[in-house]
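Enquirer: Structure here, sequence nowhere to be found:
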């Protein structure tokens, strides 16, 4: 399974490593230009790949070949009453999931909890959300995470259902040095932000 959307902290609060993944469908003729812009931008953190919840922003672009198609509903709604439930653990519900347009195009079957989507051809998409407690007393905190992952068959079907498009995946990893190591040269060697070439997840070959 390949993570196509999500946000989580991979380690504890002392040596924090935060991972953020977003993906978007773009016209193939513009995919290379967008990828280059993302790699060379002096402020890569300001480049926004939209989710399906903000799909209306596409209509503000006059030229269709410049529009980004957000296909994931990020599930960023309020926790509602769960915010006050000590056993809820701040777990996002629902987690990230494909928008209805994608479900219709791929004719996918959704499980009752809207956590898994299976295609007639065998492709699968899986949504996860979790939380875990760290620290004790005043240092206690709850770290949450969400992830939307797909296998190769689902990615192929997603691109086949949207001809002449490519899937660009943006992965951001941010590491926080321990408090007593902030001034250590080992942690200040690279200036943030630091750009490293990425790969476009394009239409898979037959």
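Expert: Sure, I can see it. Predicted model only: the values in this text are computed from it and were never measured. Residues are numbered from 1 along each chain as shown.
Enquirer: The helix ranked longest in the chain - contacts with which helices or strands?
Expert: Longest helix in the chain by number of residues, with DSSP state H as the criterion: helix 28-40. Contacts defined by 3 or more C-beta pairs under 8 Å, 6 or more residues apart in numbering; DSSP states H and E place helix 28-40 against strand 165-175. No exception for glycine: its C-beta is placed from N, CA and C like everyone else's.
Enquirer: and the strand it packs on, average pLDDT?
Expert: Averaging pLDDT along strand 165-175 yields 87.
Enquirer: swap in stretch 10-21?
Expert: 75.
Enquirer: one step back: go through the longest helix of the chain and flag the buried ones.
Expert: For helix 28-40, the neighbour count (16 or more other C-beta atoms under 10 Å) marks 28, 30-31, 34-35, 38 as buried.
Enquirer: same thing with stretch 160-172?
Expert: Neighbour-count burial for stretch 160-172 flags 161-162, 165-170 (criterion: 16+ other C-beta under 10 Å).
Enquirer: Save the residues you listed as TSV, and put in distance to residue 144 too.
Expert: Shown next, in TSV, are the buried residues of stretch 160-172 (distance: C-beta to C-beta, whole Å):
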residue	distance to residue 144
161	31
162	31
165	31
166	31
167	26
168	26
169	21
170	20
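Enquirer: Flag the shaky bits of this structure, pLDDT-wise.
Expert: For the chain, the stretches flagged by pLDDT under 70 are 11-15, 44-45, 54-66, 75-92, 134-135, 137, 139-141, 177-206.
Enquirer: can you pull out the strands in it?
Expert: Assigned by DSSP state E, the strands in the chain fall at 2-9, 17-27, 72-73, 97-98, 109-110, 116-118, 124-134, 141-150, 165-175.
Enquirer: which secondary structure elements does the third one contact?
Expert: Read it as strand 72-73. Applying 3+ C-beta pairs under 8 Å, 6+ apart, we find strand 72-73 packed against strand 97-98.
Enquirer: Can you add distance to residue 49 and give the strands of the chain back as CSV?
Expert: CSV is the format used below for the strands of the chain (distance: least, C-beta to C-beta, whole Å):
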stretch, distance to residue 49
strand 2-9, 10
strand 17-27, 4
strand 72-73, 10
strand 97-98, 15
strand 109-110, 24
strand 116-118, 21
strand 124-134, 18
strand 141-150, 13
strand 165-175, 6
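Enquirer: And the ones you listed: which comes nearest residue 51?
Expert: Residue 51 lies closest, by C-beta to C-beta, to one member of those: strand 72-73, at 5.2 Å.
Enquirer: The closest one pairs with which strands?
Expert: Strand 72-73 sits in its sheet next to strand 97-98 (antiparallel), going by DSSP bridges.
Enquirer: who's in contact with the closest residue to residue 22 other than its chain neighbours?
Expert: Sequence neighbours aside, residue 49 is the residue nearest to residue 22 in space, at 4.3 Å (criterion: C-beta to C-beta, 6 or more residues apart in numbering). Residues near residue 49 by C-beta atoms under 8 Å, 6 or more residues apart in numbering: 22-24, 68, 70, 168, 170.
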